[in-house]
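> Build the 3D model from these lines:
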Amino acid sequence: MYPELEPRQVVPPRASLRAPHRALLVLWAAMSVSLAGCQADGQSDSNDEGDEQDAGAPPFDPSAYELLTYDLSEKDGSMDRGTDDAENVVHAARFWTETPLTVYAVEAMFNVRSDDDLPAHLALYPDNGHNFFDFLRDAPYVEWEPELDKDEDDDEWLLFVLDEPLVLDYPQLLYVGSHYRGEPGQPVLGVDAEVDIDTFLVSHMGEEGAYPPHLAVYPDRGTDSGGFETVTFAGSGQLWNEGDLMVRLYVQRHDLVDETWFLEGQATETEPGAGLTGSGSVAWGDCNDDGWVDLFDGSLWVNQQDGTFAGHPENGIDASGPATWGDYDNDGNVDLFVAGGADQLFRGLGDCYFENATVVSGIDDTQPFDTGDGPVEQNVPTPAAAWADVNGDGLLDLLQTNYEYWDTGDQSVDMLWINLGDGLFTDGTESAGMSLSQGGGRPGRGVAPADWDNDGDMDLYVSNYRLKRNFAWLNEGDGTFNDIGNGSILGGGEHGSFPNFYYGHTIGSVWGDVDNDDDLDLFAANLAHPRFISFSDKSMFLQNQLSETGEPDFVDRRDEAGMLYQETDSSPVFLDFDNDGLLDLFYTATYAGRPSYLYRNQGDFEFKMVSYPAGTWIWGGWGVAAADFDNDGDVDLYGQKLFVNHYPDPGGWISVQAIGGGEGMTNRSAIGARMRLTTTSGTQLREITSGVGTGCAPPLVQHFGLGDADSATLQVEFPNSGTIIEVGTVSSGQRWVVHEDGTINSR
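So this is what the prediction gives:
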């Protein structure tokens, strides 16, 4: 659904069909404008001298507006509609607005084919969220049905002025099109056929070369057997006399920014940037314990403490893939598990050097898996893994969420590895109650450990794909888990009927206390095809009701929060980018035709999309994670691009690292520990975790924004011992290290 647009609401929520705006049609020819009064049917009539509706209205002045148009020259007839002349079709052109803007008028040139005054059709349509070419054909923003005269109106630019300007407060897709209703002789939009066909294959949205085409023809009928509408695209060679539609928009841009809040810092062919080139899997971790986060994104990058990273040759890591950091042997050197196809465990030796400990550890994800020749014992694909001390013994255990083989659809099962100490692990999947029969698994995409019921032990949330229910493994505190996703919104919305229930294509999920009420809320990003939306989940934004009801009940606030629907939501992360004390939300979109979104938390579970002023556009992204990598007090983002935070007026901040006592107490990485920061505005909660989104890991160091406060009180709670360290008053700009034994240091 579209959120309410500020400062003026002119676009109703998507849930309700829009009544067409009454609008003026102005005939524009030879640089002259004639205003027409509106008849009851919406058609203009310049000869109706008795109509006083628009008496005294000033002429529309095109020079006062920017013209949003493709490179048009002259009309070359009309384009074949990809169907016989008697069928209903809608042909439309798509515009990416690039900035916030207001649409005041549309110009169109029609091919008037009959001497009869037959009604034409023109409309502005909202985007429908599809990665490809899709708009809400039954709910236009505004539409016109003028009766056109062949002698007067053919080959002329006709100006359609909106009664009520259309305010678009964020960059978005906008469609201009015409519904041909199968009436022989009905005027159809003209085309400029003198156009390079390759231009149709450029999206005119994001980066050069992205897809899909910007012009297409939609038959006004159902779908094929696969659920796809039979769309014909310009540039496909299937349309005769194809060309750009003769349409253009008169707009005024507003709320423009000279410099975005985030600046791109990734390395390019011409600029070294920070040295990072972009990745679909991101794991932040301080492998040399110098207080500056390093990075594994398929390669190891060491922070140079000057805003750049450098490779670390002969570091001992000989694997690439999604990764997670954690000190599994409690020796003070952070270790790294690299998932993917090989699943390798690397023991930290200090100073960012490692040794391969996979074989000696006993971690072996080999299981029967059908890749086309029947089930064969082999290592299965692991899109994500995360560390968590699931049995409270002070040793980090490991959960691998496993995927399917795409061609056969064979689905592997997840694995839980219990840390025995001395660097050894054992398969604890069955004893924990998490075992599934081979072939009865689910295609996992992401894992996000969190104590969502506030009982002091880590629960495990697994994002599952292929319309399968998500796992919500509730830790019972005795080494076993109960999947409460069955019958709970945590598992997804239940569509269909027994035994064929459908849920969502969840890719990545993230936990955070969004409303500062001392419990963890969840954003689960779902890929949701428009053609299957009736029985598959959109992304879910679940508010935890624990603080109100005493039970971890969840309510989906996605629509109320103002989240836009698009098909390809992928990997989310929470961050307080403006240091106002409220967690904001960023998530990527996996297909090249859709952008990432950054939402600012407005409080009371209301969010505003701010990707334009932030400049955080990624087209076709995957994994992403946030960290203050340059230690300047604000949080940066890294995924397919590096976004360096330069927000102009941030609040104060503090940084906190917790260190557990090790075996018998809390694991040394303090994964599962909680921090609470209190100002006069309330209390923020952070929980240290090792998994976010899909195949990504956040830093173990926690960042708090203070808003306008100069100081706050800090508390750190270690889960296994129950130790609560009252740090006391801390000031903005400080970095603290808090040990489970009560030692407190500034950094």
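> rest of the way, CA atoms for contacts and neighbours
OK.
> How about stretch 677-694, which residues are buried there?
677-679, 683-694 (16 or more other Cα atoms under 10 Å).
> contacting residues around Glu476?
Asn482 (Cα atoms under 8 Å, 6 or more residues apart in numbering).
> That one and Ile671: what is the separation?
18 Å (Cα to Cα, to the nearest Å).
> Next: His312.
Taking Cα to Cα, one finds His312 at 26 Å from Ile671.
> Which one of the two is surrounded by more residues?
Shown here are His312 and Ile671; by other Cα atoms under 10 Å, Ile671 has more neighbours (28 against 14).
> and the more buried one, what helix or strand is that in?
Under the assignment given by DSSP states H and E, Ile671 is not contained in any helix or strand.
> nearest spatial neighbour of it, skipping sequence neighbours?
Distances taken as Cα to Cα, 6 or more residues apart in numbering place Ile688 nearest to Ile671, at 4.9 Å, with adjacent residues excluded.
> Isn't that neighbour up against Gly672?
Yes. Here Ile688 lies in contact with Gly672, judged by Cα atoms under 8 Å, at a distance of 5.2 Å.
> in the stretch 301-450 of the chain, which spans are strands?
Along the stretch 301-450 of the chain, the stretches classed as strands by DSSP state E, counting those that start in this stretch are 309-311, 323-326, 335-338, 344-350, 353-356, 366-370, 375-379, 384-388, 397-401, 415-421, 424-427, 444-450.
> Ser73 is nearest to which of those?
strand 444-450 (48.7 Å; Cα to Cα).
> The closest one packs against which elements?
strand 384-388, strand 397-401, strand 459-464, strand 505-512 (3 or more Cα pairs under 8 Å, 6 or more residues apart in numbering; DSSP states H and E).
> what would the ones you listed look like in CSV with distance to Leu583, mean pLDDT and mean neighbour count?
Shown next, in CSV, are those (distance: least, Cα to Cα, whole Å; pLDDT from 0 to 100; neighbours: other Cα atoms under 10 Å):
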stretch, distance to Leu583, mean pLDDT, mean neighbour count
strand 384-388, 22, 98, 32
strand 397-401, 26, 96, 25
strand 459-464, 20, 95, 28
strand 505-512, 8, 94, 30
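> okay, the ones you listed in a markdown table with distance to Ile744 next?
Below are the helices and strands packed on strand 444-450 laid out as a markdown table (distance: least, Cα to Cα, whole Å):
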| stretch | distance to Ile744 |
| --- | --- |
| strand 384-388 | 24 |
| strand 397-401 | 27 |
| strand 459-464 | 29 |
| strand 505-512 | 25 |
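> end-to-end on stretch 339-352?
19 Å.
> For it, buried residues please.
For stretch 339-352, the neighbour count (16+ other Cα under 10 Å) marks 339-349, 352 as buried.
> Need the residues that contact that stretch.
Residues contacting stretch 339-352 (Cα under 8 Å, 6+ apart): 287-289, 302, 312, 315-317, 319-323, 333-338, 354-358, 361, 364-365, 379-385, 400.
> which residues touch stretch 625-632?
Applying Cα under 8 Å, 6+ apart, the set of residues contacting stretch 625-632 from outside is 282-284, 292-294, 303, 305-307, 573-575, 634-639, 692-693, 696-699, 703.
> Weed out the non-buried ones from these.
With burial judged by 16+ other Cα under 10 Å, the buried subset of the contacts of stretch 625-632 is 282-284, 292-294, 303, 573-575, 634-639, 692-693, 696-699, 703.
> Could you tell me which of the residues you listed belong to strands?
Those of the buried ones among the contacts of stretch 625-632 mapping onto strands are 283-284, 294, 303, 573-575, 636-638, 703, per DSSP state E.
> biggest separation within these, which pair?
Asn303 and Phe574 (22.5 Å).
> how does this structure divide into domains?
62-78+85-185+212-225+234-256, 262-646, 659-746 (the TED database).
> Tell me how far the first one lies from the chain's centre.
Centre-to-centre, domain 62-78+85-185+212-225+234-256 and its host chain are 28 Å apart (Cα atoms, centre = their mean, to the nearest Å).
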